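Visitor: Provided below are the primary sequence and the corresponding predicted coordinates.
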Amino acid sequence: MTGKGRELVDMMQRRKVDILCVQETRWKGSKARSIGAGFKLFYHGVDRKRNGVGVILKEEFVKNVLEVKRVSDRLMSLKLEIEGVMLNVVSAYAPQVGCEQEEKDRFWSELEEVMQSVPRGERVVIGADFNGHVGEGNSGDEEVMGRFGLQERNPEGQRLVDFAKSMEMAVVNTYFQKRQEHRVTYKSGGRSTQVDYILCRRCNLMEISDCKVVVGESVARQHRMVVCKMTLVVRKMKRAKAEQKTKWWKLEKEECCVVFREELRQVLGGQEVLPDDWTTIAKVIRETGRKVLGVSSGRRKEDKETWWWNEEVQESIQRKRLARKKWDSERTEESRQEYREMQREVKIEVAKAKQKAYEDLYARLDSKEGERDLYRLARQRDRDGKDMQQVKLIKDRDGNVLTGDRRVRERWKEYFEELMNEENDRERRVVEANIVEQEVERISKGEVRRALKRMKRGKAVGPDDIPVEVWKCLGEMAVEFLTRLFNEVLESERMPEEWRRSVLVPIFKNKGDVQSCGNYRGIKLMSHTMKLWERVVEARLRGEVSICEQQYGFIPRKSTTDALFALRMLMEKYREGRKELHCVFVDLEKAY
């Protein structure tokens with residue numbers, strides 16, 4: 001697979017393949033990665049020199065992944081939900097004829113376990129290199145295969161047929177009459193065999209309208225791609241419209257800030273002072289932002305994973321494909337050498353293109369403008385490495401998987417209502433405190449300026465769609481308005497209704513069952529203006545409250561890292577002195 005990812009994507013696009021099972025990836029690790037044009041590879045391997053399996057999905061199916069099971073370097077499966085239909089895709093690589101019998105038995109046992117774990121009502125498609133021949137003809141095996149196999153059946157092929165019978169599967173390749181050349185899946189030297197197969201449930205065989213071997217592709221040297229056309233009967237579902245968002249990030253550019261300020265002044269009739277009414281000014285800011293800065297299309301950004309893919313590389317790969325076709329048809333030593341030469345040429349072109357692209361990237365990252373790109377690329381790489389970037393289905397309290405947006409939303413609502421309103425038995429202590437009555441000072445412009453300076457840019461906005469970048473852009477005009485607004489809130493003890501609304505987003509903790517609500521941390525997206533108000537109040541409280549020295553969290557110039565360092569030093573000293581050290585660790589579940 002090394003260096004072949006973008007070439008595979010190009011082939012899948014030309015051949016209109018949505019899902020592709022790959023074997024012998026020879027990649028170590030268990031990850032997912034984007035390989036260009038929105039396509040994503042889910043893979044699993046143990047040793048770089050042998051085995052390894054994977055599944056490649058087209059962009060529109062990536063978000064449909066519900067579960068990824070990595071069983072071994074010869075077997076993995078994906079569960080997808082497509083318009084209400086559950087589809088399980090299994091990629092498998094059976095041991096070769098010369099492997100130990102124990103390894104073969106283990107593979108078939110694991111494959112049977114995977115099949116038994118799939119509910120009967122769900123569809124299953126297996127794309128695999130079974131390293132066996134089921135043979136031509138189907139006498140006695142009509143229920144699991146057709147007549148259009150190749151050669152004589154061998155023991156590995158018989159085991160595949162027995163597996164299909166026990167699991168009520170069908171060997172799809174053998175049901176469609178094709179020329180012999182379009183049935184050969186493996187070609188090496190003078191040998192032409194059929195070892196790669198697609199299987200599906202017998203009850204779903206009618207959903208497959210065609211299956212054949214694709215001749216003329218040069219991605220793999222010996223194996224050929226087997227393609228089947230499957231039509232799923234799905235229920236019609238309304239597609240959610242992509243949410244358009246104001247491009248507030250443009251306010252980082254001074255020229256955009258100037259235009260935004262001038263447009264806002266004109267809308268307000270040339271005033272230098274913002275009106276006191278929050279509802280009015282919030283509406284004006286949103287409308288001005290959309291007009292001046294524009295809105296996003298809501299579509300996915302261009303995939304930058306294979307930015308090195310250029311015209312020279314594409315032309316080289318096209319010449320390699322033509323050389324492969326020529327060798328397949330002529331089978332002469334001259335055509336073979338020509339094909340081998342084209343393979344070397346493509347490798348050189350890819351290496352040159354990658355080197356040039358990386359040099360340009362490093363030059364950009366080394367500049368002042370590229371500092372933020374470095375973090376953006378790191379976040380993008382982290383997201384691409386995850387199997388699922390969003391979870392569509394969730395389990396109820398009894399462990400049953402819920403389908404449908406409405407039922408999933410209701411489950412989240414139920415879970416967070418219970419979590420946030422839970423009452424625990426505790427000892428109630430009545431502490432006598434002296435009541436201090438004094439006049440609360442009005443909020444000053446200096447307090448607002450300091451709070452505004454501490455607010456970070458680039459954070460997700462709340463339901464009011466007004467980020468802190470707006471107030472930073474408006475400068476002193478914003479400070480004066482916010483000071484008046486905060487004093488009004490302080491005196492009236494009432495805040496704007498928009499501040500009361502928030503969006504609750506569940507964030508997976510990256511451990512445990514991905515479909516269990518208990519493995520998520522709830523994050524609230526709130527109004528940035530309200531958070532600015534909270535900063536002002538918090539600064540006043542910190543000036544009045546005395547916090548003990550042992551508190552390390554949420555304290556300026558302190559971190560829990562300091563406490564961990566002190567604890568490790570304490571442990572080392574006790575170990576050196578051969579003394580006992582007793583520690584108590586208390587983990588508050590869902591403390592925040």
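Guide: Yes, it's here.
Visitor: tally of neighbours for the closest residue to R319 other than its chain neighbours?
Guide: The spatially closest residue to R319, leaving aside those adjacent along the chain, is M342, at 5.6 Å (Cβ to Cβ, 6 or more residues apart in numbering). C-beta coordinates here come from the backbone N, C-alpha and C atoms, glycine included. Using other Cβ atoms under 10 Å, M342 is surrounded by 22 other residues.
Visitor: So which bits of the strand or helix carrying M342 are buried?
Guide: Assigned by DSSP states H and E, M342 belongs to helix 333-365. Within helix 333-365, the residues scored as buried using 16 or more other Cβ atoms under 10 Å are S335, E338, Y339, M342, V346, E349, V350, A353, K354, L361.
Visitor: cool, stretch 476-495 as well?
Guide: Judged by neighbour count using 16+ other Cβ under 10 Å, the buried positions of stretch 476-495 are 477-486, 489-490, 495.
Visitor: cool, stretch 224-234 as well?
Guide: Result for stretch 224-234 [16+ other Cβ under 10 Å]: buried residues R224, M225, V226, V227, C228, M230.
Visitor: got CSV for the residues you listed, with distance to D384 too?
Guide: Converted to CSV, the buried residues of stretch 224-234 look like this (distance: Cβ to Cβ, whole Å):
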residue, distance to D384
R224, 29
M225, 24
V226, 28
V227, 26
C228, 28
M230, 27
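Visitor: Out of those, list just those in strands.
Guide: Within those, residues falling in strands by DSSP state E are M225, V226, V227, C228, M230.
Visitor: hmm, back to that, now do the helix or strand following the helix holding M342 against helix 333-365, angle only.
Guide: Sequence order places helix 371-384 as the next helix or strand after helix 333-365, per DSSP H and E. Interaxial angle of helix 371-384 relative to helix 333-365 (axes from the mean of the first three to the mean of the last three Cα atoms, to 10 degrees): 130 degrees.
Visitor: helices and strands around helix 371-384, which ones?
Guide: strand 29-36, helix 333-365 (3 or more Cβ pairs under 8 Å, 6 or more residues apart in numbering; DSSP states H and E).
Visitor: okay, now the domains of this structure?
Guide: 5-230, 248-297+407-422+439-544, 311-380 (automatic domain parsing).
Visitor: Quote the end-to-end distance of the longest one.
Guide: By that I understand domain 5-230. Terminal residues of domain 5-230 are spaced 24 Å apart (Cα to Cα, to the nearest Å).
Visitor: tell me the average confidence for that domain?
Guide: Averaged across domain 5-230, pLDDT comes to 91.
Visitor: Just give me how far that domain sits from the chain centre.
Guide: Centroid separation for domain 5-230 versus its chain: 24 Å, with Cα atoms, centre = their mean, to the nearest Å.
Visitor: before we move on, what about the shortest one?
Guide: Here the centre of mass of C-alpha atoms in domain 311-380, compared against the chain's by Cα atoms, centre = their mean, lies 26 Å away.
Visitor: what is the rounded mean pLDDT of that domain?
Guide: Taken as a whole, domain 311-380 carries a mean pLDDT of 77.
Visitor: circling back: with respect to burial, which of the domains of the chain scores highest?
Guide: Across the domains of the chain, averaging neighbours per residue (mean count of other Cβ atoms under 10 Å) puts domain 5-230 on top, at a mean of 18.
Visitor: Let me know the closest of the buried residues of helix 333-365 to R411.
Guide: Distance to R411, by Cβ to Cβ, is smallest for L361 among those, at 43.0 Å.
Visitor: which helices and strands sit right next to the helix or strand hosting I285?
Guide: Assigned by DSSP H and E, I285 belongs to helix 278-293. With contacts taken as 3+ Cβ pairs under 8 Å, 6+ apart, helix 278-293 sits against helix 254-267.
Visitor: all strands of the stretch 151-300 of the chain, in order?
Guide: Applying DSSP state E, counting those that start in this stretch to the stretch 151-300 of the chain gives strands spanning 169-171, 186-188, 191-193, 196-201, 208-214, 225-230.
Visitor: Out of the ones you listed, the one nearest A37 is which?
Guide: Nearest of the strands of the stretch 151-300 of the chain to A37, taken as Cβ to Cβ: strand 225-230 at 17.6 Å.
Visitor: Can you list the neighbours in contact with that closest one?
Guide: With Cβ atoms under 8 Å, 6 or more residues apart in numbering as the test, strand 225-230 has contacts from 11, 15, 17, 20, 125, 127, 172-173, 185, 196-198, 200, 207-214, 217, 219.
Visitor: what's the answer for stretch 262-275, then?
Guide: The contact list for stretch 262-275 (Cβ under 8 Å, 6+ apart) reads I281, V284, I285, E287, T288, K291, V292, L474, M477, A478, E480, F481.
Visitor: Recalculate using a threshold of 7 Å.
Guide: I281, V284, T288, K291, V292, M477, E480, F481 (Cβ atoms under 7 Å, 6 or more residues apart in numbering).
Visitor: ditto for stretch 480-489
Guide: Taking Cβ under 7 Å, 6+ apart as the rule, stretch 480-489 contacts 273-274, 276, 278, 442-443, 445, 448, 471, 495, 532-533, 536.
Visitor: Just those: which are in helices?
Guide: W278, K445, V448, W471, L532, W533, V536 (DSSP state H).
Visitor: can you tell me which two in the residues you listed are farthest apart?
Guide: W278 and K445 (18.2 Å).
Visitor: re the thing from before, got JSON lines for the ones in helices among the contacts of stretch 480-489, with distance to S502 and pLDDT too?
Guide: Shown next, in JSON lines, are those (distance: Cβ to Cβ, whole Å; pLDDT from 0 to 100):
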{"residue": "W278", "distance to S502": "17", "pLDDT": "92"}
{"residue": "K445", "distance to S502": "28", "pLDDT": "95"}
{"residue": "V448", "distance to S502": "22", "pLDDT": "95"}
{"residue": "W471", "distance to S502": "19", "pLDDT": "95"}
{"residue": "L532", "distance to S502": "15", "pLDDT": "96"}
{"residue": "W533", "distance to S502": "14", "pLDDT": "95"}
{"residue": "V536", "distance to S502": "19", "pLDDT": "95"}
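Visitor: Specify which member of those is nearest to K509.
Guide: Using Cβ to Cβ, L532 comes nearest to K509 of these, at 29.1 Å.
Visitor: you'd agree that closest one is up against A451?
Guide: Yes. Counting by Cβ atoms under 7 Å, A451 is a contact partner of L532 at 5.6 Å.
Visitor: can you name the two of the contacts of stretch 480-489 that are farthest apart?
Guide: Distance extremes for these: the farthest pair is V273 and M495 at 21.6 Å, using Cβ to Cβ.
Visitor: For I507, what is the enclosing helix or strand?
Guide: Element membership for I507, per DSSP H and E: strand 503-508.
Visitor: Which stretches in the stretch 51-200 of the chain count as helices?
Guide: Along the stretch 51-200 of the chain, counting by DSSP state H, counting those that start in this stretch, helices occupy 59-62, 101-116, 155-166.
Visitor: Tell me which of those helices lies nearest to W499.
Guide: Proximity to W499 (Cβ to Cβ) singles out helix 59-62 among these, at 36.3 Å.
Visitor: What's the separation between the closest residue to G385 other than its chain neighbours and V489?
Guide: Of all residues not flanking G385 in the chain, K31 sits nearest, at 5.0 Å (Cβ to Cβ, 6+ apart). Separation of K31 from V489 (Cβ to Cβ, to the nearest Å) stands at 49 Å.
Visitor: same check, this time on M230
Guide: 60 Å.
Visitor: R319 too?
Guide: Here R319 is placed at a distance of 70 Å from V489 (Cβ to Cβ).
Visitor: quick one on the thing from earlier: for the contacts of stretch 262-275, work out which two are farthest apart.
Guide: Farthest pair in the contacts of stretch 262-275, by Cβ to Cβ: K291 and E480, 23.8 Å.
Visitor: tell me which element M477 falls in.
Guide: Per DSSP H and E: helix 476-492 holds M477.
Visitor: So what's the gap between that helix and the chain middle?
Guide: With Cα atoms, centre = their mean, you get 42 Å for helix 476-492.
Visitor: Okay, angle between that helix and helix 278-293 too, please.
Guide: Orientation of helix 476-492 against helix 278-293 (the same axes, to 10 degrees) gives an angle of 160 degrees.
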